[in-house]
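> model the structure of this input:
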Amino acid sequence: MPADANVNVIFHGLFLFVQQNGFLDVLIPNMGSDHVYRAGTFLAEETLLPRPLSSPYHLSGVTGRDASFDTAKNIVFEGQDYDHAASQDDVYARILLPVPVEIVSMRPTQDPLIADFDPGNLVNNKNPCGVQVLRYKAANLDAVQLVPHSAELGLNRGNVFLNLHIIAEPDRDLDVDHVRNGFEMALALLPGLSDPLIFIENYSTLSQERNDDKVRGYAAIETLTVRERAHMQALAGLDWRDGNKHLGVVDDGLVDQPPFDCLPVMSKNT
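Next comes the predicted model:
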């Protein structure tokens with residue numbers, strides 16, 4: 001195993017990332033039964049149980065550096081901390097992470113967002129990304145854990161990288177109102193923002209871009225939403241049921257119109 005093996009933490013869906021001094025707070029807004037909350041190996045993620053703010057999950061066994069979220073690709077607020085008094089009705093769980101070595105933002109919206117009211121010009125004409133890959137290094141991949149989550153993590157067969165998928169998104173088709181509600185719930189966790197701050201009418205579906213990066217250890221298939229995965233697995237299941245081999249590719253997961261998916265929000269509180 002190399003001394004600087006790659007660890008990719010891949011976030012799908014609705015999160016509030018708050019960059020603090022020396023670490024990241026990741027809050028999962030509580031969308032109730034409209035979302036599934038899972039973490040673990042790709043296609044084998046297990047339910048991530050709810051936890052109060054005072055008892056967060058944390059990623060161990062990795063080292064980071066000083067990466068920041070790209071403000072051109074994401075919705076990033078400056079100087080805003082999260083609401084430390086938020087209840088579990090508002091926040092499903094909190095995750096503590098080191099600051100990553102690199103952040104790769106993928107699956108932007110197909111169309112730019114148009115905000116009716118956006119005084120800071122933080123959203124208007126942007127194509128924010130629905131998938132975020134936070135990259136770390138590890139001397140021992142066997143020591144990497146999301147504590148206290150018990151699911152196995154995605155160590156590859158060559159023992160040169162490990163992928164952890166964290167999901168907070170719908171597992172069924174929902175409309176644009178759901179995406180809007182999720183965005184507003186994430187903003188509500190930043191109490192320093194003025195109200196009303198942003199109103200967006202035209203949330204867009206995600207793009208169908210491809211993002212294979214074998215050197216850094218993740219593939220385009222790992223950027224699929226939960227709904228797209230279900231479509232891919234249904235096609236594979238038809239072949240397996242008939243006793244046939246399934247040789248599908250990532251295109252199997254992408255339907256003609258990708259789903260509306262919740263978009264993460266970021267803040268730098270450094």
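> show me the helices in the stretch 1-150 of the chain, by range?
Here the stretch 1-150 of the chain has no helices by DSSP state H, counting those that start in this stretch.
> show me the strands in it, by range?
5-13, 16-19, 23-29, 36-40, 46-47, 57-60, 76-78, 91-98, 102-108, 115-117, 129-138, 145-147 (DSSP state E, counting those that start in this stretch).
> tell me how many other residues crowd the closest residue to Asn21 other than its chain neighbours.
Leaving aside its sequence neighbours, Asn21 sits nearest to Thr270 (C-beta to C-beta, 6 or more residues apart in numbering; 5.3 Å). Backbone N, C-alpha and C define where each C-beta goes, glycine included. Thr270 has 12 neighbours, counted by other C-beta atoms under 10 Å.
> where does Thr270 land on pLDDT?
At Thr270, the model reports a pLDDT of 85.
> quick check: the gap between it and Phe260.
32 Å (C-beta to C-beta, to the nearest Å).
> report the contact partners of the residue nearest to Asn21.
By C-beta atoms under 8 Å, 6 or more residues apart in numbering, Thr270 lies in contact with 19-21.
> same thing with Ala115?
Ala115 neighbours (C-beta under 8 Å, 6+ apart): 123-124, 198-200.
> repeat the analysis, applying 6 Å as the threshold.
Listed by C-beta atoms under 6 Å, 6 or more residues apart in numbering, the contact set of Ala115 reads 123-124, 198, 200.
> partner residues bridging it?
Ile200 (DSSP bridges).
> how far away is it from Leu190?
Applying C-beta to C-beta to Ala115 and Leu190 gives a distance of 16 Å.
> ok, Val179 next?
Taken as C-beta to C-beta, the span from Val179 to Leu190 is 18 Å.
> picking up where we left off before, now the strands of the stretch 1-150 of the chain as a markdown table including mean pLDDT and distance to Trp240?
Shown next, in a markdown table, are those (pLDDT from 0 to 100; distance: least, C-beta to C-beta, whole Å):
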| stretch | mean pLDDT | distance to Trp240 |
| --- | --- | --- |
| strand 5-13 | 95 | 25 |
| strand 16-19 | 98 | 38 |
| strand 23-29 | 98 | 33 |
| strand 36-40 | 97 | 22 |
| strand 46-47 | 96 | 23 |
| strand 57-60 | 97 | 34 |
| strand 76-78 | 92 | 43 |
| strand 91-98 | 98 | 34 |
| strand 102-108 | 95 | 28 |
| strand 115-117 | 80 | 46 |
| strand 129-138 | 96 | 27 |
| strand 145-147 | 96 | 30 |
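> for those strands, give me JSON lines that also has distance to Asn244.
Output for those, formatted as JSON lines (distance: least, C-beta to C-beta, whole Å):
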{"stretch": "strand 5-13", "distance to Asn244": "29"}
{"stretch": "strand 16-19", "distance to Asn244": "42"}
{"stretch": "strand 23-29", "distance to Asn244": "39"}
{"stretch": "strand 36-40", "distance to Asn244": "28"}
{"stretch": "strand 46-47", "distance to Asn244": "29"}
{"stretch": "strand 57-60", "distance to Asn244": "40"}
{"stretch": "strand 76-78", "distance to Asn244": "47"}
{"stretch": "strand 91-98", "distance to Asn244": "40"}
{"stretch": "strand 102-108", "distance to Asn244": "30"}
{"stretch": "strand 115-117", "distance to Asn244": "49"}
{"stretch": "strand 129-138", "distance to Asn244": "31"}
{"stretch": "strand 145-147", "distance to Asn244": "36"}
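> mind checking those strands for the one nearest to Asp252?
Asp252 sits nearest to strand 102-108 of all the strands of the stretch 1-150 of the chain, at 16.6 Å, using C-beta to C-beta.
> got the CA positions of that closest one in CSV?
C-alpha atoms of strand 102-108 as CSV (Å, rounded to 0.1, in the frame of the first residue of the first chain):
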residue,chain,number,x,y,z
GLU,A,102,-8.4,18.8,-3.1
ILE,A,103,-12.1,19.5,-3.8
VAL,A,104,-13.6,18.4,-7.1
SER,A,105,-17.1,19.7,-7.9
MET,A,106,-19.1,17.7,-10.5
ARG,A,107,-22.5,17.3,-12.1
PRO,A,108,-23.4,21.0,-12.5
